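Enquirer: have a look; sequence and predicted model below, questions after that.
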Amino acid sequence: MRKSTSFYLKIALSSTFLCFAHSTNSNFVDCQSWFSRGAGRKIRGKSIIKDLRLYSTNKMSDHGDTLEYHIKFPNPNFNYGQNGESDFVFVVNEEKIPVILLFGWAGCQDKYLAKYSKIYEEKGLITLRYTAPVKCLFWKRYQMLKIGEKLVKLLLDLNFDSHPIIIHCFSNGGAFLYQNVSMALDKCPKDIPVKGIIFDSAPGKKRILSLFRAISAILGGNAIYNISMSLFMTMFISVIWLYEIITKELFAKKVTHTNLYEHLKHEKNYWPQHFIYSKADNLIPYTDIEQFSSFRKTQGVDVTTLCYEESLHVKHLPENKESYVNSVCNFINKCLNGKN
C-alpha cells in the first residue's frame, strides 16, 4: 500500500476510534479530535467501523461493499471568521459544515483532483473525493448505479444528511457519476440537502471523436500504441453503445445510461447549477454546454456560467486560478446563503 501525505481515513480496528494520517496542513486534524466536537459526535461510530474503509490504492472492489475515496475534515479550531486580504470567507453553521463532493473525470488521478478539493479545504469545508473506475464509465456502465447508491449510503453513514451538500463534477465521467448519485438520491428514504452542482467541462453529447480523444488521453504512451489501442477501444465501446440503443428501442428496455446528456437535461432535480467551460475544449464543444445550460434555465433552474477562451479540457483551474476560485466560491456562497 502506498503512503500519502494527505488525510486518508483509515479504520483502526485495534482501537476505539478512527484516526487520520497526519499531514503538514494545520487546517486539518485527526479524526478523533474532529469527532470530539459537536458535529463529530453525531456520526454513528458503529456504522463507520462496519462500512467505511479507505485505501491509498487506486483499485476498487467490484463485489464488496467498499468504496475507495479520500475525505478531509477541517480542524475543530478552524477560524471561519478569518479574513485575509484575498481570502473568501464562508458563513457556515459550524455544527453542520458544508460537504463538497468531488467526482473526477475518467482516468483522473487523485493527486490532480486533490488540487480542486484544496480550494474548499482552505475555507474550512469538508471534502470527499471519488473517481469512478474507467471500466465502469465505458463498458461496465450498469455498475454505476450501484456505485451511486453506495455513495449515498456513505453520506448517510457519515450523518451528512444534516449537512449542506455541493457536488463538483468534472467532464462526462464526473457528470455520469453525478447522474447515478442523483438517481440514488431520488430513491433515498432520507432527504439529503444537495444545495448545488458545479459542472467543470461538462456535460457533452455522445460523439465517437470525443470518445477516441478521451481514451487517447487516458492511455498515454507512444503514438503507435496510443492510436492503435484508442481505435480498438473506441470501436469496442461504440458497439456497446449501439447495442444499448437497439435494446432500448426494440425491447422497450429502460436503460438509463444510454444518453447522459439528454438524461441530465430532463432530470427532475432543480438544484442551482454552475458551468465552467472553454471555447478551446477539444473534447466537449462549448456549444454543448451552452445549449445544455440554456435549456436547464428554461426549466426554472438557477444557472450561472463561466466561459474561458483558451483553457483546455479540465484545465481551467491551473490556467485561470483566481477567477476559477472566485467563481466556485461565489456560487457556493449563493447556494448556502442566497448571496453572490
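Expert: Great, that's in hand.
Enquirer: helix, strand, or coil at F199?
Expert: strand (DSSP: H, G, I helix; E, B strand; the rest coil).
Enquirer: how close does A132 get to K205?
Expert: Computed as Cβ to Cβ, to the nearest Å, the A132 to K205 distance reads 20 Å. (Each C-beta comes from the backbone N, C-alpha and C, glycine too.)
Enquirer: scratch that, V239
Expert: 19 Å.
Enquirer: following the lowest-mean-pLDDT helix or strand in the chain, which helix or strand shows up next?
Expert: Sorting the helices and strands of the chain by mean pLDDT, DSSP states H and E puts helix 45-51 at the bottom, at a mean of 32. Moving toward the C-terminus from helix 45-51, the next helix or strand (DSSP states H and E) is strand 70-72.
Enquirer: so how far is the next helix or strand after that next one off the chain centroid?
Expert: Moving toward the C-terminus from strand 70-72, the next helix or strand (DSSP H and E) is strand 99-103. Average the C-alpha atoms of strand 99-103, do the same for its chain, and the two points are 5 Å apart (Cα atoms, centre = their mean, to the nearest Å).
Enquirer: same check on stretch 98-113?
Expert: 5 Å.
Enquirer: quote the end-to-end distance of it.
Expert: By Cα to Cα, to the nearest Å, the extent of stretch 98-113 from end to end equals 19 Å.
Enquirer: what ranges does the protein have for its strands?
Expert: Remark: strands assigned in the chain by DSSP state E are 9-10, 19-20, 70-72, 99-103, 126-130, 165-170, 194-200, 273-278, 303-308.
Enquirer: save those as JSON lines, and put in distance to K321 too.
Expert: Converted to JSON lines, the strands of the chain look like this (distance: least, Cβ to Cβ, whole Å):
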{"stretch": "strand 9-10", "distance to K321": "28"}
{"stretch": "strand 19-20", "distance to K321": "27"}
{"stretch": "strand 70-72", "distance to K321": "20"}
{"stretch": "strand 99-103", "distance to K321": "17"}
{"stretch": "strand 126-130", "distance to K321": "18"}
{"stretch": "strand 165-170", "distance to K321": "16"}
{"stretch": "strand 194-200", "distance to K321": "14"}
{"stretch": "strand 273-278", "distance to K321": "12"}
{"stretch": "strand 303-308", "distance to K321": "12"}
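Enquirer: let me have those in JSON lines, extended by mean neighbour count.
Expert: What follows is these, written out as JSON lines (neighbours: other Cβ atoms under 10 Å):
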{"stretch": "strand 9-10", "mean neighbour count": "18"}
{"stretch": "strand 19-20", "mean neighbour count": "18"}
{"stretch": "strand 70-72", "mean neighbour count": "22"}
{"stretch": "strand 99-103", "mean neighbour count": "26"}
{"stretch": "strand 126-130", "mean neighbour count": "24"}
{"stretch": "strand 165-170", "mean neighbour count": "25"}
{"stretch": "strand 194-200", "mean neighbour count": "23"}
{"stretch": "strand 273-278", "mean neighbour count": "24"}
{"stretch": "strand 303-308", "mean neighbour count": "18"}
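Enquirer: closest to K150 out of those strands?
Expert: Within these, the stretch nearest K150 is strand 126-130; the backing value is 9.7 Å (Cβ to Cβ).
Enquirer: how about the contacts made by Y286?
Expert: Y277, S278, K279, C307 (Cβ atoms under 8 Å, 6 or more residues apart in numbering).
Enquirer: what's across from the first one in the sheet?
Expert: For Y277, the residues forming beta bridges with it (DSSP bridges) are C307.
Enquirer: surely it and S201 touch.
Expert: Yes: using Cβ atoms under 8 Å, Y277 is in contact with S201, at 5.9 Å.
Enquirer: and for those two, which residues touch both?
Expert: Residues touching both Y277 and S201 (Cβ under 8 Å, 6+ apart) are I284, H316.
Enquirer: A132 and K205: who's more crowded?
Expert: Neighbours per residue (other Cβ atoms under 10 Å) separate A132 from K205, with A132 holding more: 25 against 17.
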